[in-house]
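Participant: Sequence and computational prediction follow.
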Amino acid sequence: MKTHKIELVSNGVPTSFSFTDSSFLVQSSDRAKPKLEVPLKRILWAGITGNVIDVHVLAKKHARLVLVKVEGRASDVGEETTQWVEELMRAAYPGVKPQRRFLVIINPAGGPGKANIIFKRKVEPMLRIAHCTYETIFTEYQRHAVQIGTDIALDKYDAILVVSGDGVLHELFNGFAQHAEPRRAFKIPIAPIPAGSGNGTSLNLIGLEEGQDVSAAALNAIKGRPMPVDLCSVLQNEQRSFSFMTQCVGLMADLDLGTEHLRWMGSNRFVYGFLRGIITRKSYPFSIAIKALESDKAKMLDSLRALRSKSPEELFQDTATDEVVDNTLPPLRYVSDDPEGWITMDEPILYMYAGKGPFVSRDLMQFPVSMPNDGVVDVVVQAATSRVGMLKGMDGAEHGAGYWRNSARYYKAVAYRVKPLKSQGYLSIDGEKFPYEEFRVEVHQGLGTLLSPLGRYAAEFDDAPPDA
Ligand SMILES: Nc1ncnc2c1ncn2[C@@H]1O[C@H](COP(=O)(O)OP(=O)(O)OP(=O)(O)O)[C@@H](O)[C@H]1O
């Protein structure tokens, strides 16, 4: 591995600044321990002012990422020094153009209402250091982001930075669908900054450890690469809307939408609702039809392992395309008149949960083998099963422990239909309440775009089946 090194003077002490393919190191001559060592991906900027070279990084301190600037003075800034700084910047931004132009959408009503403070304190300083430009819009009313997505000027921004929860992302995608040039609008990459109550997308992109860290999310906005993501059409009463994350009915929808009156319990309300559902042995009648490409859990895990064995470079290359073939919404292929190859089920169940992205919340990795652009939505149909079995499934839910449960059938579906057979209940689409009526879903491969550091979801799941 090649090391690029220059000798500078920092705080009066001779100090070497060096980088390899993967990390950046500052080493003073007066001590053995490095003054600073960070992965290259955490470098925001390197520049020269007069004869001072400064490098801005995100360093980990007490498990949090903080901005740190290191400076060194060159005795003479010649070609060698200039070249070193340019090479460091190139290595720090692989495959990415620095100095992005952002539209920043801030939802002052999202989650605990701190989106603006989060932006001012954590995100804005990083954007400035990384020499990015940005315009900010505050959402002023519910569904304002639908309008923003509908009207957005194409080619004006490199990405949209959303400081809120997942609700605003849902609105933006639905706005793009109504844009005069929808396919081009869907190509604008979105980067979420976790400032809502549900920040599943950040967890999916960045992982459990740093998915709630605003600085890690802002770094992804500055340096992440466009990753196509599948979106789902949801059809209900001839109305077409788009879902980027989850659709669910049964107990899990009750927990999401039917326990609002228990908000005072915080996240315990979900545990309480889940236990109550299990204890009362609730079951919900639906007629379900699924057009599945795969239903073998071991094979799905093999496919995930194959994906994870690829480097980010390979993954981004596999999916890179700037070309917009057709600028209209993708046609519907399955949900209306396609009689072939549907698995049907009519027995009462505990819940049906479908989605893209492993995490639906911090506590629940519902779709451990989900992939961003495999052209399918993962569908879990959980049978009404023994109480002991369900309680066991709660343990390790954040690591996907429920995946191998025999009573949880798991499908990779290109389309599915659900008809509630009772008049009352909840249907949650991306966490939003929809009419409790028949709905049909169809997947559109790679229609939307998110920024990602990896080119795949960041969740770690590699559990072999329990009896393997
Ligand atoms: N100025 C505003 N006043 C009221 N609601 C708004 C405003 N701006 C946006 N909203 C609404 O806030 C809702 C919540 O947004 P989002 O999901 O991003 O945050 P959240 O905290 O994760 O969600 P939730 O509060 O639903 O759990 C969205 O439905 C959006 O339409």
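Facilitator: Sure thing, it's come through. Residues are numbered from 1 along each chain as shown.

Participant: Okay, buried residues for stretch 384-397 please.
Facilitator: Counting neighbours by 16 or more other CB atoms under 10 Å, one finds that the buried residues in stretch 384-397 are 384-385, 390, 393-394, 397. Glycine gets a C-beta too; all of them are placed from N, C-alpha and C.

Participant: Among these, which one lies nearest to the ligand?
Facilitator: Of all these, Ala397 has the smallest distance to the ligand: 19.5 Å, by CB to the nearest ligand atom.

Participant: my guess is that closest one contacts Asp363, does it?
Facilitator: Yes - under the criterion of CB atoms under 8 Å, Ala397 makes contact with Asp363 at 6.1 Å.

Participant: Can you report phi and psi for Asp374?
Facilitator: Dihedral pair for Asp374: phi -90, psi 0, per degrees, to the nearest 10.

Participant: My understanding was that Leu36 contacts His56; is that so?
Facilitator: No - applying CB under 8 Å as the test, Leu36 and His56 come out as separate, 11.4 Å apart.

Participant: Could you tell me which residues touch both of those two?
Facilitator: Listed contacts common to Leu36 and His56 are Val68; contacts here mean CB atoms under 8 Å, 6 or more residues apart in numbering.

Participant: who has more neighbours, the two?
Facilitator: Higher neighbour count among Leu36 and His56: His56, with 19 against 16, using other CB atoms under 10 Å.

Participant: how about that one, what does it touch?
Facilitator: By CB under 8 Å, 6+ apart, the neighbours of His56 are 43-46, 67-69, 129-130.

Participant: other SSEs contacting the helix or strand encompassing Tyr353?
Facilitator: Assigned by DSSP states H and E, Tyr353 falls within strand 349-355. Helices and strands touching strand 349-355, as assessed by 3 or more CB pairs under 8 Å, 6 or more residues apart in numbering; DSSP states H and E, comprise strand 246-250, helix 251-257, strand 286-294, strand 377-383, strand 408-420.

Participant: which residues touch it?
Facilitator: Applying CB under 8 Å, 6+ apart, the contact partners of strand 349-355 are 232, 245-253, 277, 282-284, 286, 288, 360, 366-367, 370, 377-385, 390, 413, 416, 418, 441.

Participant: Low-confidence ranges, the protein, go.
Facilitator: The chain contains residues with pLDDT under 70 at 259-270, 322, 324, 335-338, 393, 466-468.

Participant: now the helices for it?
Facilitator: 79-92, 115-118, 124-129, 144-151, 166-177, 182-186, 200-206, 214-223, 251-257, 268-279, 297-308, 312-319, 387-394 (DSSP state H).

Participant: Taking the buried residues of stretch 384-397 together, which two end up most distant?
Facilitator: For those, the maximum inter-member distance is 18.1 Å, found between Ala384 and Ala397 (CB to CB).

Participant: How about the residues of the chain by the ligand?
Facilitator: Residues of the chain that fall close to the ligand, judged by CB under 6 Å from any ligand atom: 107-111, 139-144, 164-168, 171, 196-198.

Participant: rerun that using 8 Å as the cut-off
Facilitator: 107-112, 138-145, 162, 164-171, 195-199, 431-432 (CB under 8 Å from any ligand atom).

Participant: Just the buried residues out of those residues, in ChimeraX syntax.
Facilitator: Those of the residues of the chain next to the ligand that count as buried under 16+ other CB under 10 Å are selected in ChimeraX with:
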select :107,109,110,111,139,144,145,162,164,165,166,167,168,169,170,171,195,196,197,198,199,431,432
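
Participant: Among the residues of the chain next to the ligand, which ones are in strands?
Facilitator: Residues of the residues of the chain next to the ligand located in strands (DSSP state E): 138, 162, 164, 432.

Participant: thought the third one was touching Ser197?
Facilitator: So the one you mean is Ser164. No - the pair Ser164 / Ser197 is not scored as a contact, 9.9 Å apart, by CB under 8 Å.

Participant: any common contacting residues for these two?
Facilitator: 110-111.

Participant: picking that back up, pick the most deeply packed of the helices and strands packed on strand 349-355.
Facilitator: Highest mean neighbour count among those (mean count of other CB atoms under 10 Å): strand 246-250, with a mean of 25.

Participant: And that strand, what does it pack against?
Facilitator: Using 3+ CB pairs under 8 Å, 6+ apart, strand 246-250 is in contact with strand 349-355, strand 427-429.

Participant: Deepest-packed of those strands, please.
Facilitator: Buried most deeply of those, by mean count of other CB under 10 Å, is strand 349-355, with a mean of 24.

Participant: That one vs strand 377-383, what angle?
Facilitator: 170 degrees (axes from the mean of the first three to the mean of the last three CA atoms, to 10 degrees).

Participant: what is the orientation angle of strand 349-355 with strand 286-294?
Facilitator: 50 degrees.

Participant: relative to strand 408-420, how tilted is strand 349-355?
Facilitator: 100 degrees.

Participant: let's have the chain start at 630 instead
Facilitator: Will do, 630 is the new start, and the previous item becomes strand 978-984.

Participant: quick one: strand 978-984 to helix 1016-1023, angle?
Facilitator: 20 degrees.

Participant: Please parse the chain into its domains.
Facilitator: 633-721, 730-852, 862-950+967-1073 (automatic domain parsing).

Participant: want to throw those into a markdown table with distance to Leu961?
Facilitator: Conversion of those to a markdown table gives the following (distance: least, CB to CB, whole Å):
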| stretch | distance to Leu961 |
| --- | --- |
| domain 633-721 | 40 |
| domain 730-852 | 13 |
| domain 862-950+967-1073 | 6 |
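
Participant: Just say which of these is most tucked in.
Facilitator: Buried most deeply of those, by mean count of other CB under 10 Å, is domain 730-852, with a mean of 21.

Participant: who's in contact with stretch 903-918?
Facilitator: By CB under 8 Å, 6+ apart, the list of residues contacting stretch 903-918 reads 878-880, 883-884, 971-975, 977-981, 1010, 1013, 1016, 1019-1020, 1023, 1045-1051, 1054.
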